[in-house]
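Novice: When you get a sec, could you give me coordinates for this:
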Amino acid sequence: MNDKSKMEDSEQQRLDYLISLQLDDELCESEIEELVELLNLHPEARRRLVANSLFDVQLADILRNGDQEVSQDKPRVNRGRVFAGSLSSVLLAVAALVLSFLAIQWVLESQNSGERRERYIAKITGMSGPLQWIGDGGFVTNKLTVGAELPGGTIEGQSPESWFELMFKDGSRVVIAGQSRLVFSDLGQKELHLIEGGFAASVEPQPAGKPMLVYTRTAVLEVLGTEFEVESELASTFLNVTEGKVRVKRLSDGRSLDVPAKHRVTAAADQSFELEATPEMVSFWKDRLALGPKGVYGDWRPGDASEGRRPAVKSIPHTIKETGKTIYCTSLRVFGGESPPVVLHRDSQLVVEGRIAEKTELLFIGVTLQHPNGDFAGRFQIHLPGESVNVNEKFELALDVKDFKLDPSLREIRHKLADSPLGLIVTDIWCHTLWDSAGLELEGVELYEAASVD
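Specialist: From the prediction side, this is the model:
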């Protein structure tokens, strides 16, 4: 069995370098955190710290007293007394050094530390699915929990089932679902860099002259206090304002627009940059697989007319590190700048067409939902026995949305979520198998409101 605490050669070299900087009092904050992490993981690192510290302090003391011995103005010093004094100073120095690192570790890790509370700028108030946080100096962890206080950095949703809510000290909230990457900081003014995905935000009034700034690849948003949703793609940014007003600047030409409540805009170099009233909610939606992989999670494949196959998306694996569970998932984005909000009603039906290449025990089909103000409302799903579909034959499933239940993985936060999918806005439709690949492909997805039968 491999000993995970054993240090690699590269780690040993890095440790020696960091210790040398510490002894010269030249460590920056990120290097301190890196050194503390090495000390936590490896007992050998702690031994090397003490050994290096002893040598450095003792050498300095010997050299200092050696100068005294050769000085013509001072009497010779007894070598035994030199080493006795040196040992005392060494022990004091090492003790101080070790205590300083314990203090640093206490500051960095203690949730109850007053100094820690001063450092954090936001905390996780809700989460589900695999998340990753990257802090200063490249510190990476997947072990996030509700209540975790973060001093900024990058937080990433790693799969379609990921969801998290960040709350800043002033009560402003940012809610992200699905695959996403957000860099956030607050040095007297909140700055968010949306690298991938989208989020909904409810922002408290910000200090005069210091609006929240949201950066994407194509735009900059200035937010004084409002509710809005934003999505970032490679070449465009979509903004929908629910309450208040957001100023958006298109980076391609520097043009700015003030977007009021119940309006939206897309910022892209190759599109019209004009306000549009948020359209009324609809109850119908159909996939756009024929148009390409945009808005698709999975392996998109063009159709093959010779084989009678339509464009499709094949599920891809995602393993959750903490549990070892692998899901083979595909999803389609429903909410976005090109669509009006799609709402579920009691008579809503979801029709899914596709194929499987191998037998599977269960087939999961579900929807990710949000409230009209953008807050995450939950993931609701239905699971079918594998015998419901035949291998290598096209299947077509018509499912009543009212039968969908809350994803069990969200049960710990169910008090924050909706009781049913009805009356909520669909952001994503997804399908997956668990453990087994099954070669799942989706060829068509349609959501509509069936005619009521009296």
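
Novice: tell me, which strand in the chain spans the most residues?
Specialist: Using DSSP state E to define each element, the chain has its longest strand at strand 190-202.

Novice: Can you name every helix or strand that that strand contacts?
Specialist: Using 3 or more Cβ pairs under 8 Å, 6 or more residues apart in numbering; DSSP states H and E, the elements in contact with strand 190-202 are strand 173-177, strand 180-186, strand 212-215, strand 227-232. Yep, even glycine has a C-beta here, placed from its N, CA and C like the rest.

Novice: who does it pair up with?
Specialist: Applying DSSP bridges to the sheet, strand 190-202 is found paired with strand 173-177 (antiparallel), strand 180-186 (antiparallel), strand 212-215 (parallel), strand 227-232 (antiparallel).

Novice: Please put the alpha-carbon coordinates of the first one into PDB.
Specialist: What follows is strand 173-177 as a C-alpha-only set of coordinates in PDB (Å, rounded to 0.1, in the frame of the first residue of the first chain):
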ATOM      1  CA  ARG A 173     -26.400  36.400  -3.100                       C
ATOM      2  CA  VAL A 174     -25.100  34.600  -6.200                       C
ATOM      3  CA  VAL A 175     -26.700  31.300  -7.200                       C
ATOM      4  CA  ILE A 176     -25.000  29.100  -9.800                       C
ATOM      5  CA  ALA A 177     -26.300  25.700 -11.200                       C
END
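
Novice: quick one: contacts of it?
Specialist: By Cβ atoms under 8 Å, 6 or more residues apart in numbering, the residues outside strand 173-177 that reach it are 122, 125-126, 155, 157, 162-168, 182, 184, 192, 197-203, 368, 370, 374-376, 427-428.

Novice: Would you map out the domains in the protein?
Specialist: 9-114, 120-277, 285-449 (automatic domain parsing).

Novice: Mean neighbour count and mean pLDDT for the ones you listed - can I get that in JSON lines?
Specialist: Formatted as JSON lines, the domains of the chain follow (neighbours: other Cβ atoms under 10 Å; pLDDT from 0 to 100):
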{"stretch": "domain 9-114", "mean neighbour count": "14", "mean pLDDT": "54"}
{"stretch": "domain 120-277", "mean neighbour count": "18", "mean pLDDT": "91"}
{"stretch": "domain 285-449", "mean neighbour count": "18", "mean pLDDT": "89"}
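
Novice: List the contacts of the spatially most central residue of the chain.
Specialist: Geometric centre of the chain, nearest residue: E156, 1.8 Å, by Cα atoms, centre = their mean. Contact analysis of E156 by Cβ under 8 Å, 6+ apart lists L131, Q132, W133, I134, S180, R181, L182.

Novice: 6 Å instead, please
Specialist: Q132, R181 (Cβ atoms under 6 Å, 6 or more residues apart in numbering).

Novice: same question, E361
Specialist: Here E361 is in contact with G386 (Cβ under 6 Å, 6+ apart).

Novice: hmm, 7 Å instead?
Specialist: By Cβ atoms under 7 Å, 6 or more residues apart in numbering, the contact set of E361 is G386, D436.

Novice: Repeat that for the one 5 residues further on.
Specialist: Contact criterion Cβ under 7 Å, 6+ apart gives R379, F380, Q381, F404, D407, W430 as the residues in contact with G366.

Novice: any idea which of those residues is the one closest to A219?
Specialist: W430 (28.0 Å; Cβ to Cβ).

Novice: what's the helix or strand for the closest one?
Specialist: strand 425-434 (DSSP states H and E).

Novice: What is the subsequent helix or strand relative to that strand?
Specialist: Toward the C-terminus, strand 425-434 is succeeded by strand 441-449 as the next helix or strand (DSSP H and E).

Novice: which residue ranges form the helices in the stretch 151-300 of the chain?
Specialist: Counting by DSSP state H, counting those that start in this stretch, the stretch 151-300 of the chain has no helices to list.

Novice: Assumed I32 was part of a helix.
Specialist: Yes: under DSSP: H, G, I helix; E, B strand; the rest coil, I32 falls within a helix.

Novice: distance of it from V174?
Specialist: 29 Å (Cβ to Cβ, to the nearest Å).
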